[in-house]
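In: quick one: sequence plus predicted model below, questions after.
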Amino acid sequence: MPELNLPVLDLSQLDDGPEAAAKFRGALAAAAHDVGFFYLTGTGIDPALFRRLQQAARDFFALPEAQKLAIENVHSPQFRGYTRIGGELTQGKVDWREQIDIGPEREPVPGGPAFNRLIGPNLWPAAQPELREVVESWREHLTGISRRLLRSWAEALGAEPAHFDADFGDPASLLKIVRYPGTDAPEPQQGVGAHKDSGVLTLLWVEPGKGGLQVERDGAWVDAPPVDDAFIVNIGEMLEYATGGYLKATNHRVISPKAPADRISVPFFFSPALDAKLPLIELPSELAAEAQGVTDDPSNPIHSLYGENALKSRLRAHPDVAAIHHSDLVAASV
């Protein structure tokens, strides 16, 4: 196993009796407070599903360019589908990756708040029907894991385990299947630039043996290499908001691999309903004393309503889709 710079937590401890479960919850709260990132093992997912996901990702990116571009995200007002290499921005700079974005399968909802524009269908590749089956199985498993984590966090911070449940009846979770091509550039290149996630928590699976993810700790970047059949977990801005900054969303980035190598990763962003405003947790006094407040960054405001946070992120990352389908929102933000 490579040297690990993040805590390692075992989800199966929740099933090993009250003492083990309490130990897990304590470690969970500490990891999210101190680092904002950790490894998660013991999820109970069949290793065969990891391999199926990896193969489905490889098969998708091996499709002819024309088949991928047939479902390019510029055709989707909901920012779904394929993004070509260089088609996404982080902090205004080009990310060197290609990906497919997949959200909840829904009918569009006309009218209402602007974030309703994120509700709608996915774009699936006609030549790869098995991709949808694998993704739906993956989403089901990771939604269950995410719910257990969120209930454990609530209990560890002095709230009832069901504190967040009502807002996740219809989660607006997003899944990305990402490929980072290799580069011959002599200096490290931006696979994806430094950022914080806009949702509640992220479960990231990375292809075995493929590094590149870096996490900011104490003002320095540290590597977070993958662990086979495990996840790298981090909290998003909404959980920072709900805990008054006791739990902190953490900057992270991906460095492009050196050619001819490439890298597959699949982040799952677990988020509440778009119209949900996460209820604040009233922290015990000893924890409240360590809460530093929500990050105040004028260039990246954290909205209490999840739909506003999600729309902010989408408009910023995909200006081409925004210009085609949401020019009124773009004009209003200028």
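Out: Happy to help now that I have it.
In: and the host helix or strand of residue 100, what does it pack against?
Out: Taking DSSP states H and E as the criterion, residue 100 maps to strand 98-102. On a contact count with 3 or more C-beta pairs under 8 Å, 6 or more residues apart in numbering; DSSP states H and E, strand 98-102 meets strand 81-83, strand 174-180. Every C-beta, even on glycine, is put in place using the N, C-alpha and C of the backbone.
In: for the shortest one, packing partners?
Out: When you say that, I think you mean strand 81-83. Short answer (3+ C-beta pairs under 8 Å, 6+ apart): strand 81-83 packs on strand 98-102.
In: helix or strand next in line after the strand it packs on, which one?
Out: Downstream of strand 98-102 (by DSSP H and E), the next one is helix 130-156.
In: any weak-confidence spans in the stretch 201-334 of the chain?
Out: By pLDDT under 70, the low-scoring segments of the stretch 201-334 of the chain are 333-334.
In: please, where are all the strands along it?
Out: Secondary structure of the stretch 201-334 of the chain (DSSP state E, counting those that start in this stretch): strands located at 201-206, 213-217, 220-223, 231-235, 252-255, 263-270.
In: looking at the ones you listed, which is nearest to residue 77?
Out: Of all the strands of the stretch 201-334 of the chain, strand 263-270 sits nearest to residue 77, with 19.2 Å by C-beta to C-beta.
In: list of residues touching the closest one?
Out: 53-54, 57-58, 61, 138-139, 142-143, 146, 150, 171, 173-180, 191, 197-207, 210, 212-213, 236, 254, 257 (C-beta atoms under 8 Å, 6 or more residues apart in numbering).
In: what about burial for those, which qualify?
Out: Among the contacts of strand 263-270, those scoring as buried are 53-54, 57, 61, 138-139, 142, 146, 150, 171, 173-180, 191, 197-207, 210, 212-213, 236, 254, 257 (criterion: 16 or more other C-beta atoms under 10 Å).
In: pull out the buried positions in the strand or helix carrying residue 25.
Out: Here residue 25, judged by DSSP H and E, is contained in helix 18-34. Residues 23-25, 27-29, 31-33 are the ones in helix 18-34 that count as buried (16+ other C-beta under 10 Å).
In: so how far is residue 196 from the residue nearest the centre of the chain?
Out: In the chain, the residue lying closest to the centroid (C-alpha atoms, centre = their mean) is residue 269, at 3.3 Å. Using C-beta to C-beta, to the nearest Å, we find residue 269 at a distance of 12 Å from residue 196.
In: got any residues that touch both of those two?
Out: The contact sets of residue 269 and residue 196 overlap at residue 236 (C-beta under 8 Å, 6+ apart).
In: rewinding a little: looking at the strands of the stretch 201-334 of the chain, which is buried most?
Out: Of all the strands of the stretch 201-334 of the chain, strand 231-235 carries the top mean neighbour count, a mean of 26, counting by mean count of other C-beta atoms under 10 Å.
In: just checking: what are the partner strands of that strand?
Out: strand 37-41 (antiparallel), strand 201-206 (antiparallel) (DSSP bridges).
In: restricting to C-alpha, output it in PDB.
Out: Listed next in PDB are the C-alpha coordinates belonging to strand 231-235 (Å, rounded to 0.1, in the frame of the first residue of the first chain):
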ATOM      1  CA  PHE A 231     -13.100   5.500  -1.500                       C
ATOM      2  CA  ILE A 232     -11.600   8.900  -0.900                       C
ATOM      3  CA  VAL A 233     -14.300  10.900   0.900                       C
ATOM      4  CA  ASN A 234     -14.400  14.700   1.400                       C
ATOM      5  CA  ILE A 235     -17.100  17.100   2.700                       C
END
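In: please state the offset of that strand from the chain centre?
Out: 8 Å (C-alpha atoms, centre = their mean, to the nearest Å).
In: please apply the same query to stretch 166-174.
Out: Relative to its parent chain, stretch 166-174 has a centroid offset of 14 Å by C-alpha atoms, centre = their mean.
In: contacts for that stretch next, please.
Out: Here stretch 166-174 makes contact (C-beta under 8 Å, 6+ apart) with 101-104, 118, 139, 143, 146-147, 150, 199, 268-274, 276-279, 306-307, 310.
In: can you count the residues close to residue 63?
Out: When counting by other C-beta atoms under 10 Å, one arrives at 18 neighbours for residue 63.
In: using the three-state scheme, assign it.
Out: coil (DSSP: H, G, I helix; E, B strand; the rest coil).
In: can I assume it is in contact with residue 131?
Out: No - using C-beta atoms under 8 Å, residue 63 makes no contact with residue 131, being 9.9 Å away.
In: anything in contact with each of those two?
Out: residue 125.
In: thinking again about what came up before, could the strands paired with strand 231-235 go into CSV alongside distance to residue 226?
Out: Shown next, in CSV, are these (distance: least, C-beta to C-beta, whole Å):
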stretch, distance to residue 226
strand 37-41, 9
strand 201-206, 4
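In: of these, which is nearest residue 94?
Out: Evaluated over the strands paired with strand 231-235, closeness to residue 94 peaks at strand 201-206, with 21.4 Å, by C-beta to C-beta.
In: with just CA atoms, put the closest one into PDB.
Out: Extracted in PDB, the C-alpha atoms of strand 201-206 (Å, rounded to 0.1, in the frame of the first residue of the first chain):
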ATOM      1  CA  LEU A 201     -20.100  15.000   0.600                       C
ATOM      2  CA  THR A 202     -18.200  13.300  -2.200                       C
ATOM      3  CA  LEU A 203     -17.300   9.600  -2.600                       C
ATOM      4  CA  LEU A 204     -14.400   9.300  -5.100                       C
ATOM      5  CA  TRP A 205     -13.300   6.100  -6.700                       C
ATOM      6  CA  VAL A 206      -9.900   6.200  -8.500                       C
END
